[in-house]
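Enquirer: missing the sequence, but the structure's below:
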Ligand code: HEM
Ligand SMILES: [Cu+2]
């Protein structure tokens, strides 16, 4: 599947673009983590921080899967078969985090 | 993609399921690799979700602060929170990018290009593993093991007040980064085998570099997992 | 894209090439390190039968203890050796080892590897029209990983500490406190997972990529659909078990405390921190529940096929069947914690699991109705495989109904870990899946070995097994409702349970009889391989699917000539005056596809 020169250049450009995005997002993540640590440590915005970090991670995951792993360019049906099962993990995550909270409460309660 | 290719795809997609052809236009080997990675993702997810459950059990109050735990840098010493792990992350991302380039050159049947980029990929993998070895050694040296808890000085190095974290932190850290490191190691080994095959012209004779593409997927997956490990242990 | 198609043809041509070489094979390449899917299927089947005998024998031994407590078993000394106490009774620790091995062997080694390993390998290439699996090499490795797991498990029977004694679920802290047997158990099952994943990847990609021309997804027999989703379930659930096992192995050998909290063992305090055994239960049942569907789905596929062929009627509600398999697959990942209602888990989360659990009854019921509608007013041929298949439906209904009781957490508080559970899952999974497996073996035996199995022996075996299974497990419901706990060595200490002593004896006697008849079936199986009546026609049951278009003893590559093309769905029975129309027959001018045809008024 040798690409035309134009397509080849396009693919190359897409990859470098993704690289820059990944680097920038990582830098921003670390930067915010450090800022938070220095200035807002006692502020109780932890939840907001966590949400931001998770979002940023999902952005990175998207670029790795879509561009590096080329899933964006595969047929949609194939991408669906790979992505749908991830739903099961979301339920596992929700259930186990709720469990974690409840185990914590049990320890608090019974000592 | 251009409109021309889009219409070609749309035309053929209506009957790709009719048998006699690969419905995703993908050979079975690549498909297997994808589904294997999906399956492996479930293993990692199980670990990371267990991490979440245990962390919630322990409670945020006595969970160690990543900026205190991971604040060392070789030669420079303490006081550089997250600096070293950022370096590791960049190394792994770069290695992943090199791999994409190797795959692209493979599609162009450019043997020299594949050798160059795959070589860089492997070097990146080795660099990452070395960093991880240093980090582990450092943490173990500071007293965190599978059976002894993490400790650090609350106000930074030299401040005196010592924080003693839960046992679970070190156990989870070594288990999960260890399992990831195990994947990186296998990846480096497989990449090296493929690299040798490229050098000896195996794929040139076969007239395709599919193997590079398959190990490429595996390598990106390792990067993908790292993004989540990074989130769990260093950012949250 | 086009290069993909050419490569596919290339592999086909390659396999066809192998077909001509078949006579160069020697014993090792033909029977041991074979890459032919049909031979690998037979390897799985025969290894499975081996384990089934051992696992069933173990159950007879512990039933002896339950039915005849403290009886003198010294006559068993040659087999049991030091596992008998000096006065000839069974050692309680060994009782635990027996139930553990019984569960593990039957659930994993027989009903997973033995059942889907056999039929996925055998049927997928034959029924979708492929020369072999996508990767015959990985297929071979899949068997040999299973074999390695088997060897380790077998070895664990002979080590000084004895085999694992933690139940098939191996909950910590019990499994934490055990010796080498548990280590080998974990190691063996890890290899087992490797085998399942290798196999599953192969099954999935083969079904997706290697279907012959015309074999669209909705022209595939239900066996293939069932095996496809079985592989999907295995691929997504076993890895989570592996994660759970790794943490358990670390707890056991590296001194970690993922699953352990501050424990007092033998009066000694272990300072283990904040781990939770419930975490293990979650990771285990995330596999454990899907596992029960890994066991039952292939049997369901086989039963659909057998019932349709032998009542000479199209499967009722083909698409509904497919979508209920899909629904079962999805739901099976959402309900795992219904095994843990009384574990101390969060009751609110538990109630969500109740909801999902009760939803499973819907697709299950759809399937049951469709099987019944398939044979309804059919011109049924009551050969052994049909009997087994009907037996399956009966068992599945009986056991599924008790599942609905258990799915309600309030009722489960009373019934959990009693003999009610034992009854529920043996009926719905154990016996039902075995009956499905028997049906499959009888149905495809002619294709596998070119001979028929003996019918009279099969009928005897069928009736004894079906009636025996009900006699064994039905009373257990009452014991469970009275609170008799499972996994107890002896009930001597409980006056309340003395009323069941007679029932226990009765159950044990029936169990031994049923066991004897299983041996009869195995004897029939091996006898028929060598001495059975020879198959004369290539399509003995009058079936439409592709495997019957191969020669009576298909060689490597399956079809001597080109792979046939497919033109119609697999259930054209009793259509346009034909008893059956093979999938390879082109549609006639103006002929309607099944779904467009009005249902026939009455079948002769
Ligand atoms: C309507 C469908 C079903 C429902 C609602 C259901 C529900 C349940 C529940 C709630 C339990 C846990 C009981 C306890 O331990 O307290 C259970 C146990 C079990 N079920 Fe089912 N079940 C259903 C169908 C099935 C099927 C189709 C199979 C197998 C093919 C199966 C196999 C098992 C097994 C093996 C266990 C016991 C595992 C053990 O504790 O060792 N069930 N079922
Ligand atoms: Cu279940």
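Expert: On my side now, so go ahead. Quick caveat: nothing in here was measured; it's all calculated off a predicted structure. Ligands and ions are numbered 1, 2, ... in the order given.

Enquirer: which residue does chain B have closest to chain A?
Expert: Chain A sits closest to residue B:56 of chain B, with a gap of 2.9 Å, by CB to the nearest CB. C-beta coordinates here come from the backbone N, C-alpha and C atoms, glycine included.

Enquirer: which stretch of helix or strand covers that residue?
Expert: Using DSSP states H and E, residue B:56 sits in helix B:28-58.

Enquirer: the residue of chain B closest to chain A reaches residue A:107, doesn't it?
Expert: No: using CB atoms under 8 Å, residue B:56 makes no contact with residue A:107, being 10.9 Å away.

Enquirer: so between those two, which is more surrounded?
Expert: residue B:56 (20 against 15; other CB atoms under 10 Å in any protein chain shown).

Enquirer: look up how far residue B:197 lies from the more buried one.
Expert: 47 Å (CB to CB, to the nearest Å).

Enquirer: cool, and residue C:386?
Expert: From residue C:386 to residue B:197 the distance is 54 Å (CB to CB).

Enquirer: those two - which one has more neighbours?
Expert: Neighbour comparison, residue C:386 and residue B:197: the larger count goes to residue C:386, with 23 against 16 (by other CB under 10 Å).

Enquirer: and residue A:25, how many neighbours?
Expert: 17.

Enquirer: neighbours of residue C:33, just the number please.
Expert: By other CB under 10 Å, neighbour count at residue C:33 equals 11.

Enquirer: for it, give me its contacts.
Expert: Listed by CB atoms under 8 Å, 6 or more residues apart in numbering or on different chains, the contact set of residue C:33 reads residue C:140.

Enquirer: ok, and what's touching stretch C:424-437?
Expert: For stretch C:424-437, the external contacting residues (CB under 8 Å, 6+ apart) are C:106, C:111, C:114-115, C:118, C:292, C:295-296, C:298-300, C:302-303, C:388-389, C:391-392, C:395-396, C:398-400, C:402-403, C:406, C:465-466, C:469, C:472-473, C:476.

Enquirer: now the residue of chain B closest to chain A: closest residue in space, sequence neighbours ignored.
Expert: Leaving aside its sequence neighbours, residue B:56 sits nearest to residue A:100 (CB to CB, 6 or more residues apart in numbering or on different chains; 2.9 Å).

Enquirer: state the pLDDT value of the one you found.
Expert: In this prediction, residue A:100 carries a pLDDT score of 94.

Enquirer: got the contact list for it?
Expert: Contacts of residue A:100 (CB under 8 Å, 6+ apart): B:52-57.

Enquirer: how near is the closest residue in space to residue C:293 that isn't next to it in sequence to residue C:487?
Expert: Nearest non-adjacent residue to residue C:293, counting by CB to CB, 6+ apart: residue C:332, 4.6 Å away. From residue C:332 across to residue C:487, the span is 25 Å (CB to CB).

Enquirer: show me which of those two is the more surrounded one.
Expert: Each of residue C:332 and residue C:487 has its neighbours counted (other CB under 10 Å); residue C:332 has more, 24 against 13.

Enquirer: all the helices of chain B, in order from the start?
Expert: With DSSP state H as the criterion, chain B has helices at B:3-13, B:28-58, B:66-69, B:83-107, B:111-141, B:167-199, B:202-206, B:210-230.

Enquirer: tally of neighbours for residue C:364?
Expert: The tally of other residues near residue C:364 (other CB under 10 Å) stands at 22.

Enquirer: I figured it hits residue C:399, correct?
Expert: No: at 10.2 Å, residue C:364 does not count as touching residue C:399 under the criterion of CB under 8 Å.

Enquirer: stretch C:133-150 and chain B in contact?
Expert: Yes: judged by CB under 8 Å from any CB of the partner chain, stretch C:133-150 comes into contact with chain B at C:134-135, C:138.

Enquirer: let me have those in a markdown table, extended by pLDDT, distance to residue C:358 and neighbour count.
Expert: Below are the residues of stretch C:133-150 next to chain B laid out as a markdown table (pLDDT from 0 to 100; distance: CB to CB, whole Å; neighbours: other CB atoms under 10 Å in any protein chain shown):
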| residue | pLDDT | distance to residue C:358 | neighbour count |
| --- | --- | --- | --- |
| C:134 | 94 | 38 | 26 |
| C:135 | 93 | 40 | 20 |
| C:138 | 94 | 39 | 17 |
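
Enquirer: which of these fall within helices?
Expert: residue C:138.

Enquirer: could you list which residues are in contact with residue B:170?
Expert: Residue B:170 is in contact with B:139, B:144-146, B:148-150, counting by CB under 8 Å, 6+ apart.

Enquirer: got a markdown table for these, with neighbour count and distance to residue C:201 too?
Expert: As requested, the contacts of residue B:170 are exported to a markdown table (neighbours: other CB atoms under 10 Å in any protein chain shown; distance: CB to CB, whole Å):
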| residue | neighbour count | distance to residue C:201 |
| --- | --- | --- |
| B:139 | 19 | 36 |
| B:144 | 24 | 38 |
| B:145 | 17 | 37 |
| B:146 | 18 | 33 |
| B:148 | 13 | 41 |
| B:149 | 18 | 41 |
| B:150 | 22 | 39 |
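
Enquirer: against chain A, which of those residues make the cut? List them.
Expert: Okay, of the contacts of residue B:170, nothing touches chain A (CB under 8 Å from any CB).

Enquirer: quick one on the thing from earlier: which one of the helices of chain B lies nearest to residue C:372?
Expert: Closest approach to residue C:372 among the helices of chain B (CB to CB): helix B:28-58, 35.5 Å.
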